[in-house]
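1. what's the 3D shape of this:
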Amino acid sequence: MSNAFSELYSCNKNLTPRMYSAGNIGRRSEIRRDDFQPDSSLLGLVYPSGMLDAFNEKMKATVDEIIRKNTINNGGLMRYPGDVYCGGVNKGWVTLSGAGAWPLLNFWMAIYQSLCNNRKNAERYFRWPLERIDKYIPEQIFKSKMKSSICPLVWSHAMFVIAAKFLKYI
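-> Model prediction:
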């Protein structure tokens with residue numbers, strides 16, 4: 001792990017922060033604010049960026065917090081606690097009525113779990129969205145069938161293909 005990540009990691013929060021200010025990220029005083037919401041997109045530190053190893057203890061602690069605080073509806077992952085983005089538009093205005101689970105994030109977690117050699121968890125995260133869709137993979141999956149999402153969404157499908165490759169389905 002680079003010194004910048006070591007210095008930014010918070011032992012008190014057991015988490016890597018999701019927001020940094022411009023400039024040298026290795027200096028604590030330059031963090032815009034301590035934003036320690038566990039953001040599922042931090043999985044990108046492992047894949048595809050390769051900046052951290054999946055077995056890195058600090059990354060594992062960050063992933064544990066992501067799972068603990070971002071899991072909804074018995075296995076779906078939202079981006080971060082309190083996320084309101086729902087992808088809807090009403091009369092030209094974005095509706096921010098609360099996020100659902102993002103299939104993209106479930107597939108990303110399946111990739112991370114695969115890299116950790118945890119096939120059982122990788123399968124669980126991979127299958128969760130697939131058990132809740134009809135034909136195409138949407139941007140988000142909501143508990144209520146009354147709420148819909150952008151569908152199909154190419155980045156959800158792309159991450160599905162990548163995760164399927166990691167799980168050796170293709």
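2. next one: phi and psi at the residue sitting nearest the centre point of the chain?
-> By C-alpha atoms, centre = their mean, the chain has its centre lying nearest to S40, at 2.6 Å. When quoted as degrees, to the nearest 10, the phi and psi of S40 stand at phi -60, psi -20.
3. ok, it touching A101?
-> No. Using C-beta atoms under 8 Å, S40 makes no contact with A101, being 10.0 Å away. Glycine gets a C-beta too; all of them are placed from N, C-alpha and C.
4. overlap in contacts, these two.
-> 77-78 (C-beta atoms under 8 Å, 6 or more residues apart in numbering).
5. could you check how far V63 is from I111?
-> Computed with C-beta to C-beta, to the nearest Å, the distance linking V63 and I111 is 12 Å.
6. quick one: common contacting residues for those two?
-> L43.
7. just to revisit the earlier point, roughly how far does the residue nearest to the centre of the chain sit from L105?
-> Counting by C-beta to C-beta, the gap from S40 to L105 is 4 Å.
8. show me the contacts for the spatially closest residue to L115 that is not a sequence neighbour.
-> Counting by C-beta to C-beta, 6 or more residues apart in numbering, the nearest residue to L115 once its immediate chain neighbours are dropped is A54, at 3.9 Å. By C-beta under 8 Å, 6+ apart, the residues touching A54 are 46-47, 60, 112, 115-116.
9. also N117?
-> Contacts of N117 (C-beta under 8 Å, 6+ apart): none.
10. at 10 Å instead, please
-> Neighbouring residues of N117 by C-beta atoms under 10 Å, 6 or more residues apart in numbering: 54-55.
11. and for L105, the neighbour number?
-> Around L105 there are 24 other residues, counting by other C-beta atoms under 10 Å.
12. excluding its backbone neighbours, what's nearest it?
-> Nearest to L105 is L77, by C-beta to C-beta, 6+ apart, at 4.0 Å.
13. the one you found contacts A101, doesn't it?
-> Yes. If you go by C-beta atoms under 10 Å, L77 and A101 touch, sitting 5.8 Å apart.
14. okay, and the common contacts of these two?
-> By C-beta under 10 Å, 6+ apart, the residues touching both L77 and A101 are 40, 70-71, 128-129.
15. give me the subset of those lying in strands.
-> Among those, DSSP state E puts T71 in strands.
16. switch the shared contacts of L77 and A101 over to CSV, and while doing so, append pLDDT and distance to N121 to every line.
-> Putting those into CSV (pLDDT from 0 to 100; distance: C-beta to C-beta, whole Å) gives the following:
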residue, pLDDT, distance to N121
S40, 95, 15
N70, 96, 15
T71, 96, 12
W128, 98, 11
P129, 97, 15
